[in-house]
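1. Quick one, fold the following:
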Amino acid sequence: MLKSDIELFTSCIKTVRVYVVQSLGGDLIDIVDYGGVVEKITPESIKINGSYFFRR
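-> Numbering: from 1, shown residues only. The predicted model follows:
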């Protein structure tokens, strides 16, 4: 999972395909979107494949 700024910026530079998950507690996650390439990163959100997602 990419959480830190450096991990997110590295995935953007390397044009790595990512997907968006939501923690359900413990080791459980839910896939929110199958995403794509990171296009833009702000302190509040990330733009992936034309859609914005909140970072928290």
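
2. and the residue nearest the centre of the chain, what element?
-> Centroid-nearest residue in the chain, with CA atoms, centre = their mean: Val20, separated by 5.2 Å. Using DSSP states H and E, Val20 falls within strand 17-25.

3. Just after that strand, pick out the following helix or strand.
-> Criterion used, DSSP H and E; the element after strand 17-25 is strand 28-41.

4. Tell me which strands that next one pairs with, and in which orientation.
-> Here strand 28-41 has these sheet partners by DSSP bridges: strand 17-25 (antiparallel), strand 45-48 (antiparallel).

5. how many other residues sit next to Ser45?
-> Applying other CB atoms under 10 Å, we find 14 residues neighbouring Ser45. C-betas here are computed from N, CA, C, even on glycine.

6. got the contact list for the spatially closest residue to Ile46 that is not a sequence neighbour?
-> The shortest distance from Ile46 to any non-neighbouring residue, by CB to CB, 6 or more residues apart in numbering, is to Phe53 (5.3 Å). By CB atoms under 8 Å, 6 or more residues apart in numbering, the contact set of Phe53 is Val20, Val32, Asp33, Ser45, Ile46, Lys47.
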